[in-house]
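Chemist: Using only what follows, build the 3D model:
(one chain, ligands or ions: 1)
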Amino acid sequence: MSSPGTALVTGASSGIGLEFARQLAGRGHDLVLVARDRDRLTQVAADLRGDHDVAVEVLPADLVDRGQLGTVEQRLADPDRPVEMLVNNAGFGLKHRFLDNDIEVEQAMLDLLVTAVLRLSHAALGPMAERGHGGLINVSSVAAFLPRGTYSAAKAWVNSFGEWAATEYRPSGITVTTLCPGFTRTEFHSRMQVGRDSAPDFLWLDADFLVRTALADFDKGRTFSIPGTQYKVLAPLARAVPSSLLQRFQSMGRR
Ligand code: NAP
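Modeler: Numbering: from 1, shown residues only. So this is what the prediction gives:
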(Lines give C-alpha, C1' and ligand atoms only; values in the text may rest on other atoms or scores of the structure.)
Protein backbone atom coordinates (compact mmCIF):
# COMPACT_ATOMS: atom_id res chain seq x y z
CA MET A 1 0.00 0.00 0.00
CA SER A 2 1.35 3.50 -0.84
CA SER A 3 2.23 5.85 2.02
CA PRO A 4 -0.47 8.41 2.94
CA GLY A 5 2.30 11.04 3.11
CA THR A 6 3.74 13.24 5.83
CA ALA A 7 1.59 14.87 8.52
CA LEU A 8 2.80 17.85 10.58
CA VAL A 9 1.19 18.12 14.02
CA THR A 10 1.62 21.15 16.28
CA GLY A 11 1.39 20.64 20.04
CA ALA A 12 2.40 17.00 19.54
CA SER A 13 4.12 16.64 22.93
CA SER A 14 0.91 16.08 24.92
CA GLY A 15 -2.86 15.71 24.96
CA ILE A 16 -4.84 15.94 21.74
CA GLY A 17 -1.76 16.59 19.56
CA LEU A 18 0.06 13.56 20.94
CA GLU A 19 -3.02 11.47 20.22
CA PHE A 20 -3.17 12.81 16.64
CA ALA A 21 0.50 11.85 16.23
CA ARG A 22 -0.17 8.31 17.52
CA GLN A 23 -3.27 7.70 15.38
CA LEU A 24 -1.74 9.23 12.24
CA ALA A 25 1.36 7.04 12.71
CA GLY A 26 -1.04 4.10 13.06
CA ARG A 27 -2.45 5.02 9.65
CA GLY A 28 1.08 4.97 8.17
CA HIS A 29 1.78 8.71 7.99
CA ASP A 30 5.36 9.88 8.39
CA LEU A 31 5.36 12.69 10.92
CA VAL A 32 6.80 16.09 11.76
CA LEU A 33 6.26 16.84 15.44
CA VAL A 34 6.17 20.46 16.64
CA ALA A 35 6.04 21.85 20.21
CA ARG A 36 8.44 23.73 22.51
CA ASP A 37 9.68 20.82 24.64
CA ARG A 38 12.45 19.13 22.61
CA ASP A 39 13.00 16.29 25.12
CA ARG A 40 9.35 15.30 25.19
CA LEU A 41 9.13 15.42 21.38
CA THR A 42 12.27 13.29 21.07
CA GLN A 43 10.76 10.67 23.39
CA VAL A 44 7.43 10.71 21.50
CA ALA A 45 9.31 10.31 18.21
CA ALA A 46 11.28 7.33 19.53
CA ASP A 47 8.08 5.66 20.81
CA LEU A 48 6.28 6.18 17.49
CA ARG A 49 9.21 4.86 15.45
CA GLY A 50 9.27 1.81 17.71
CA ASP A 51 5.52 1.17 17.49
CA HIS A 52 4.98 1.95 13.79
CA ASP A 53 7.01 1.67 10.60
CA VAL A 54 7.11 5.45 10.01
CA ALA A 55 9.71 8.23 9.80
CA VAL A 56 9.38 10.89 12.51
CA GLU A 57 11.06 14.31 12.48
CA VAL A 58 11.26 16.50 15.57
CA LEU A 59 10.89 20.24 14.96
CA PRO A 60 10.97 22.10 18.29
CA ALA A 61 9.49 25.61 18.01
CA ASP A 62 7.73 28.19 20.13
CA LEU A 63 4.94 29.15 17.74
CA VAL A 64 4.45 32.46 19.55
CA ASP A 65 7.92 33.50 18.39
CA ARG A 66 7.65 34.81 14.81
CA GLY A 67 11.13 33.57 13.88
CA GLN A 68 10.53 30.03 15.16
CA LEU A 69 7.07 30.02 13.57
CA GLY A 70 8.82 30.93 10.30
CA THR A 71 10.95 27.78 10.55
CA VAL A 72 7.78 25.67 10.66
CA GLU A 73 6.29 27.65 7.75
CA GLN A 74 9.43 26.88 5.72
CA ARG A 75 9.16 23.20 6.53
CA LEU A 76 5.53 23.17 5.33
CA ALA A 77 6.41 24.96 2.10
CA ASP A 78 9.51 22.84 1.28
CA PRO A 79 8.83 21.43 -2.21
CA ASP A 80 11.33 18.60 -1.69
CA ARG A 81 9.62 17.29 1.46
CA PRO A 82 5.86 17.70 0.84
CA VAL A 83 3.49 17.76 3.80
CA GLU A 84 0.18 16.07 2.97
CA MET A 85 -1.62 16.93 6.18
CA LEU A 86 -1.38 19.76 8.75
CA VAL A 87 -2.93 19.52 12.20
CA ASN A 88 -3.05 22.98 13.79
CA ASN A 89 -3.51 21.91 17.39
CA ALA A 90 -1.11 23.73 19.77
CA GLY A 91 -2.92 25.94 22.25
CA PHE A 92 -3.47 27.03 25.81
CA GLY A 93 -6.17 28.81 27.78
CA LEU A 94 -6.09 31.47 30.46
CA LYS A 95 -7.58 31.06 33.91
CA HIS A 96 -8.22 34.70 34.72
CA ARG A 97 -10.54 37.28 33.26
CA PHE A 98 -9.34 39.63 30.53
CA LEU A 99 -8.39 42.61 32.69
CA ASP A 100 -6.69 40.39 35.27
CA ASN A 101 -4.32 38.95 32.65
CA ASP A 102 -1.08 40.59 31.62
CA ILE A 103 -1.69 41.92 28.10
CA GLU A 104 1.44 40.14 26.84
CA VAL A 105 0.00 36.79 27.95
CA GLU A 106 -3.25 37.64 26.13
CA GLN A 107 -1.20 38.56 23.05
CA ALA A 108 0.72 35.26 23.24
CA MET A 109 -2.56 33.31 23.37
CA LEU A 110 -3.89 35.19 20.33
CA ASP A 111 -0.58 34.63 18.50
CA LEU A 112 -0.75 30.88 19.12
CA LEU A 113 -4.48 30.32 18.58
CA VAL A 114 -4.91 32.63 15.58
CA THR A 115 -1.65 33.94 14.02
CA ALA A 116 0.10 30.56 14.04
CA VAL A 117 -3.00 28.88 12.53
CA LEU A 118 -3.24 31.60 9.86
CA ARG A 119 0.44 31.50 8.86
CA LEU A 120 0.87 27.71 8.98
CA SER A 121 -2.34 27.22 6.96
CA HIS A 122 -1.08 29.72 4.37
CA ALA A 123 2.28 27.93 4.13
CA ALA A 124 0.63 24.51 3.78
CA LEU A 125 -2.31 25.32 1.49
CA GLY A 126 -0.25 26.79 -1.37
CA PRO A 127 1.77 23.63 -2.09
CA MET A 128 -1.29 21.42 -1.42
CA ALA A 129 -3.36 23.40 -3.95
CA GLU A 130 -0.54 23.08 -6.50
CA ARG A 131 -0.39 19.31 -5.98
CA GLY A 132 -4.20 19.05 -6.03
CA HIS A 133 -4.47 17.18 -2.72
CA GLY A 134 -3.95 17.59 1.01
CA GLY A 135 -5.75 18.13 4.29
CA LEU A 136 -5.96 20.44 7.29
CA ILE A 137 -7.43 19.77 10.69
CA ASN A 138 -7.71 22.88 12.83
CA VAL A 139 -8.37 22.24 16.51
CA SER A 140 -10.90 24.78 17.74
CA SER A 141 -13.29 24.32 20.69
CA VAL A 142 -16.99 24.21 21.50
CA ALA A 143 -16.11 27.45 23.36
CA ALA A 144 -16.17 29.04 19.89
CA PHE A 145 -19.97 28.86 20.00
CA LEU A 146 -20.16 30.93 23.21
CA PRO A 147 -19.27 34.56 23.92
CA ARG A 148 -16.91 33.77 26.80
CA GLY A 149 -13.77 35.85 26.70
CA THR A 150 -10.77 36.09 24.40
CA TYR A 151 -10.17 32.31 24.21
CA SER A 152 -13.70 31.88 22.76
CA ALA A 153 -13.15 34.83 20.43
CA ALA A 154 -9.91 33.31 19.09
CA LYS A 155 -11.57 29.91 18.57
CA ALA A 156 -14.53 31.63 16.82
CA TRP A 157 -11.94 32.92 14.33
CA VAL A 158 -10.69 29.35 13.82
CA ASN A 159 -14.27 28.18 13.13
CA SER A 160 -15.01 30.99 10.70
CA PHE A 161 -11.68 30.59 8.90
CA GLY A 162 -12.11 26.82 8.64
CA GLU A 163 -15.69 27.00 7.39
CA TRP A 164 -14.65 29.38 4.62
CA ALA A 165 -11.42 27.49 3.76
CA ALA A 166 -13.29 24.18 3.48
CA THR A 167 -15.42 25.57 0.64
CA GLU A 168 -12.62 27.60 -0.94
CA TYR A 169 -10.14 24.69 -1.23
CA ARG A 170 -12.45 21.70 -1.78
CA PRO A 171 -12.22 22.19 -5.59
CA SER A 172 -8.41 21.97 -5.20
CA GLY A 173 -8.72 18.53 -3.64
CA ILE A 174 -8.07 19.75 -0.08
CA THR A 175 -10.18 18.80 2.94
CA VAL A 176 -10.35 21.34 5.78
CA THR A 177 -11.98 20.03 8.95
CA THR A 178 -12.48 22.12 12.08
CA LEU A 179 -12.49 20.01 15.25
CA CYS A 180 -14.47 21.46 18.15
CA PRO A 181 -13.60 19.50 21.31
CA GLY A 182 -15.55 19.85 24.51
CA PHE A 183 -13.83 19.22 27.86
CA THR A 184 -11.11 16.66 27.11
CA ARG A 185 -8.73 14.88 29.53
CA THR A 186 -5.31 16.36 28.66
CA GLU A 187 -2.82 18.70 30.34
CA PHE A 188 -4.84 21.74 29.16
CA HIS A 189 -6.65 22.37 32.46
CA SER A 190 -3.74 21.56 34.80
CA ARG A 191 -1.48 23.93 32.81
CA MET A 192 -4.21 26.54 33.35
CA GLN A 193 -4.35 25.55 37.06
CA VAL A 194 -8.01 24.58 36.79
CA GLY A 195 -9.27 21.30 38.31
CA ARG A 196 -11.29 18.53 36.62
CA ASP A 197 -14.21 19.58 38.88
CA SER A 198 -14.64 22.60 36.58
CA ALA A 199 -17.13 20.49 34.59
CA PRO A 200 -19.47 17.60 35.46
CA ASP A 201 -18.23 14.07 34.64
CA PHE A 202 -20.57 13.52 31.70
CA LEU A 203 -18.94 16.38 29.78
CA TRP A 204 -15.39 14.91 29.83
CA LEU A 205 -14.08 13.18 26.69
CA ASP A 206 -11.02 10.97 26.16
CA ALA A 207 -8.45 12.23 23.65
CA ASP A 208 -8.38 8.77 22.02
CA PHE A 209 -12.14 8.90 21.23
CA LEU A 210 -11.97 12.59 20.26
CA VAL A 211 -9.20 12.11 17.71
CA ARG A 212 -10.64 8.85 16.31
CA THR A 213 -13.95 10.68 15.68
CA ALA A 214 -12.18 13.71 14.19
CA LEU A 215 -10.20 11.55 11.74
CA ALA A 216 -13.37 9.67 10.73
CA ASP A 217 -15.10 13.03 10.09
CA PHE A 218 -12.04 14.24 8.14
CA ASP A 219 -12.16 11.06 6.02
CA LYS A 220 -15.80 11.86 5.21
CA GLY A 221 -14.78 15.39 4.15
CA ARG A 222 -16.79 17.03 6.92
CA THR A 223 -16.29 20.76 7.56
CA PHE A 224 -16.91 20.46 11.32
CA SER A 225 -16.24 17.62 13.74
CA ILE A 226 -17.99 17.83 17.10
CA PRO A 227 -17.28 14.53 18.92
CA GLY A 228 -19.54 13.24 21.69
CA THR A 229 -23.34 12.98 21.81
CA GLN A 230 -23.52 15.55 24.61
CA TYR A 231 -21.73 18.15 22.47
CA LYS A 232 -23.68 17.23 19.32
CA VAL A 233 -26.74 18.32 21.33
CA LEU A 234 -25.21 21.30 23.14
CA ALA A 235 -23.31 22.96 20.25
CA PRO A 236 -26.32 23.51 17.94
CA LEU A 237 -28.30 24.65 21.00
CA ALA A 238 -25.66 27.30 21.75
CA ARG A 239 -25.87 28.41 18.11
CA ALA A 240 -29.68 28.59 18.23
CA VAL A 241 -29.99 30.52 21.50
CA PRO A 242 -30.25 34.29 20.82
CA SER A 243 -26.97 36.07 21.59
CA SER A 244 -28.86 38.47 23.89
CA LEU A 245 -29.67 35.48 26.11
CA LEU A 246 -26.12 34.05 25.94
CA GLN A 247 -24.75 37.44 26.93
CA ARG A 248 -26.74 37.28 30.18
CA PHE A 249 -24.50 34.39 31.19
CA GLN A 250 -21.34 36.30 30.36
CA SER A 251 -20.86 37.41 33.94
CA MET A 252 -20.20 33.73 34.75
CA GLY A 253 -17.32 33.57 32.24
CA ARG A 254 -14.05 35.33 31.52
CA ARG A 255 -14.15 38.98 30.51
P1 NAP B 1 -2.25 20.18 26.28
O2 NAP B 1 -2.25 18.77 26.72
O3 NAP B 1 -1.85 21.24 27.28
O4 NAP B 1 -1.34 20.30 24.98
C5 NAP B 1 -1.01 21.54 24.43
C6 NAP B 1 0.09 21.36 23.40
O7 NAP B 1 0.41 22.63 22.82
C8 NAP B 1 1.38 20.81 24.01
O9 NAP B 1 1.96 19.89 23.13
C10 NAP B 1 2.27 22.05 24.12
O11 NAP B 1 3.64 21.63 24.06
C12 NAP B 1 1.83 22.84 22.89
N13 NAP B 1 2.11 24.27 23.00
C14 NAP B 1 1.69 25.12 23.95
N15 NAP B 1 2.19 26.36 23.75
C16 NAP B 1 2.96 26.27 22.62
C17 NAP B 1 3.76 27.19 21.90
N18 NAP B 1 3.89 28.47 22.30
N19 NAP B 1 4.41 26.76 20.80
C20 NAP B 1 4.31 25.47 20.39
N21 NAP B 1 3.57 24.55 21.03
C22 NAP B 1 2.91 24.95 22.15
O23 NAP B 1 -3.70 20.64 25.79
P24 NAP B 1 -4.72 19.98 24.75
O25 NAP B 1 -6.01 19.85 25.44
O26 NAP B 1 -4.15 18.81 24.09
O27 NAP B 1 -4.86 21.20 23.72
C28 NAP B 1 -4.77 21.03 22.32
C29 NAP B 1 -5.77 21.95 21.64
O30 NAP B 1 -7.10 21.56 22.02
C31 NAP B 1 -5.64 23.44 22.00
O32 NAP B 1 -5.74 24.21 20.82
C33 NAP B 1 -6.83 23.70 22.90
O34 NAP B 1 -7.26 25.04 22.84
C35 NAP B 1 -7.86 22.72 22.32
N36 NAP B 1 -8.96 22.34 23.22
C37 NAP B 1 -8.73 21.62 24.34
C38 NAP B 1 -9.81 21.27 25.16
C39 NAP B 1 -9.63 20.45 26.41
O40 NAP B 1 -10.60 20.38 27.22
N41 NAP B 1 -8.51 19.82 26.63
C42 NAP B 1 -11.11 21.67 24.82
C43 NAP B 1 -11.29 22.41 23.66
C44 NAP B 1 -10.23 22.73 22.86
P45 NAP B 1 4.88 22.39 24.71
O46 NAP B 1 4.51 22.81 26.08
O47 NAP B 1 5.97 21.35 24.63
O48 NAP B 1 5.15 23.54 23.79
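Chemist: for this protein, where's the lowest mean pLDDT among helices and strands?
Modeler: Sorting the helices and strands of the chain by mean pLDDT, DSSP states H and E puts helix 243-247 at the bottom, at a mean of 72.
Chemist: Could you list every helix and strand in contact with the longest helix seen in the chain?
Modeler: Looking across the chain with DSSP state H, the single longest helix is helix 149-169. Helix 149-169 is packed against helix 103-110, helix 116-131, strand 134-139, strand 174-179, strand 224-225, with contacts defined by 3 or more C-beta pairs under 8 Å, 6 or more residues apart in numbering; DSSP states H and E. Heads up, the C-betas are built off the backbone N, CA and C, glycines and all.
Chemist: so which of the ones you listed comes closest to the ligand?
Modeler: Smallest distance to the ligand across these (C-beta to the nearest ligand atom): 4.5 Å, for strand 134-139.
Chemist: helices or strands up against that closest one?
Modeler: Applying 3+ C-beta pairs under 8 Å, 6+ apart, one finds that strand 134-139 makes contact with helix 15-26, strand 83-88, helix 116-131, helix 149-169, strand 174-179, helix 207-219.
Chemist: returning to what we had before: pull out the buried residues from the least confident helix or strand of the chain.
Modeler: Across helix 243-247, burial judged by 16 or more other C-beta atoms under 10 Å covers L246.
Chemist: Near the ligand, which residues of the stretch 151-255 of the chain are found?
Modeler: Neighbours of the ligand within the stretch 151-255 of the chain, by C-beta under 6 Å from any ligand atom: P181, F183, T184, T186, E187, F188, R191.
Chemist: among these, which ones are buried?
Modeler: Buried members of those, scored by 16+ other C-beta under 10 Å, are P181, F183, T184, T186, F188.
Chemist: Tell me which of these fall in strands.
Modeler: Judged by DSSP state E, strands contain none of those.
Chemist: Using a markdown table, lay out the residues you listed together with distance to V64.
Modeler: Converted to a markdown table, those look like this (distance: C-beta to C-beta, whole Å):
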| residue | distance to V64 |
| --- | --- |
| P181 | 21 |
| F183 | 24 |
| T184 | 22 |
| T186 | 19 |
| F188 | 17 |
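Chemist: quick one: which of those residues is nearest to H133?
Modeler: Nearest to H133, judged by C-beta to C-beta, of these is P181 at 26.3 Å.
Chemist: isn't that closest one right next to L205, touching?
Modeler: Yes. Applying C-beta atoms under 8 Å, one finds P181 in contact with L205, separated by 6.6 Å.
Chemist: anything in contact with each of those two?
Modeler: Residues touching both P181 and L205 (C-beta atoms under 8 Å, 6 or more residues apart in numbering) are P227.
Chemist: Look up the closest residue to T115, ignoring the ones flanking it.
Modeler: Leaving aside its chain neighbours, T115 sits nearest to L69 (7.7 Å; criterion: C-beta to C-beta, 6 or more residues apart in numbering).
Chemist: got the angle for the host helix or strand of that neighbour vs helix 116-131?
Modeler: If you go by DSSP states H and E, L69 is part of helix 66-77. Between helix 66-77 and helix 116-131, the angle comes out at 20 degrees (axes from the mean of the first three to the mean of the last three C-alpha atoms, to 10 degrees).
Chemist: helices or strands up against helix 66-77?
Modeler: Counting contacts by 3+ C-beta pairs under 8 Å, 6+ apart, helix 66-77 packs against strand 6-10, strand 56-60, strand 83-88, helix 116-131.
Chemist: repeat that with 6 Å
Modeler: Applying 3 or more C-beta pairs under 6 Å, 6 or more residues apart in numbering; DSSP states H and E, we find helix 66-77 packed against helix 116-131.
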